[in-house]
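Undergrad: whatever this is, show me its structure:
(one chain, ligands or ions: 1)
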Amino acid sequence: MRPSAPSLGPRIESVLADLEARSGKEQQELEALRAAGGTALRERAGSFMLDVGPEVGLFLNTLVRVSGARTVVEVGGSVGYSTLWLAEAVRATGGRLYSIEVDKDKQDEQRANLIAAGLDAHVELTTCEAPELAESLPGPIDLVLLDHWKELYIRDFEACWPLLRPGGLIVADNVLVPQKNAEVIGRYRRHISGLSDAQSQMLAVGDGLEVTTKREDFPVD
Ligand SMILES: C[S@@+](CC[C@H](N)C(=O)[O-])C[C@H]1O[C@@H](n2cnc3c(N)ncnc32)[C@H](O)[C@@H]1O
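TA: Sure thing, here's the model as predicted:
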């Protein structure tokens, strides 16, 4: 169920509702494939939305708004569910969202969903990898969402961290669910805990978020 929030307007709400209905059906399919075992799930996984869901969508929207984030990067846009939530927020802050989705077919759907929602003017879509995108950005990054293949979280965190402004945020999804990622997520969290300028916390929102901020100040003793 969608958490309580003011309406985002009929066009955005309509696209979100369609995607939420599709996601609900895909969840059932995913469970059936998981139960079947074997390679079936791996073979089909690429075609699913694998979206963050409404709770995380609203939380991301709130984070962008309260932090006044203007340069926002999304790594793993899929067909645009989280993109819509982030795009609506950057429209409010006067910023721009750069969204990476390496699957061309998914990116075509993502673009169509943004156009249907009237948010395409606020988003730059790309298929390039995060290290390449980060280098090409015009200024410091305010907020990053990592929601792609978990083995790439450390690489792409490292690509964005030097360009993140002090006080900026990197949010990583799926740190609690699915359990099969526990080892790789453990490595990601240990990596962050080794950074002297990072403050980080795991939140039980949706499938679990690791929210990491770059400290503006360093403790002096
Ligand atoms: C969990 S889904 C993203 C869901 C999306 N954030 C949402 O809430 O709707 C992960 C996506 O990451 C994409 N992906 C895989 N490798 C990637 C990479 N190196 N850079 C960016 N996206 C990638 C996949 O094609 C897939 O669509």
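
Undergrad: what ranges does the protein have for its strands?
TA: 71-75, 96-100, 123-126, 141-146, 164-173, 198-203, 209-214 (DSSP state E).

Undergrad: tabulate those strands (CSV), appending mean pLDDT.
TA: Shown next, in CSV, are the strands of the chain (pLDDT from 0 to 100):
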stretch, mean pLDDT
strand 71-75, 98
strand 96-100, 98
strand 123-126, 98
strand 141-146, 98
strand 164-173, 98
strand 198-203, 98
strand 209-214, 98
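
Undergrad: can you pull out the helices in the protein?
TA: 10-36, 40-45, 53-67, 81-93, 104-117, 130-136, 153-160, 182-193 (DSSP state H).

Undergrad: which one, of the ones you listed, ends up nearest to the ligand?
TA: The ligand sits nearest to helix 81-93 of all these, at 3.3 Å, using C-beta to the nearest ligand atom. Yep, even glycine has a C-beta here, placed from its N, CA and C like the rest.

Undergrad: show me where pLDDT drops low in the chain?
TA: 1, 218-221 (pLDDT under 70).

Undergrad: go with 80
TA: Within the chain, the segments meeting pLDDT under 80 span 1-4, 37-38, 41-42, 45, 217-221.

Undergrad: point out the most buried one among the helices of the chain.
TA: Of the helices of the chain, the one with the most neighbours on average (mean count of other C-beta atoms under 10 Å) is helix 81-93, at a mean of 24.

Undergrad: for stretch 130-145, how far is the first residue from the last?
TA: With C-alpha to C-alpha, to the nearest Å as the measure, the ends of stretch 130-145 fall 11 Å from one another.

Undergrad: kind regards, and thank you for your time.
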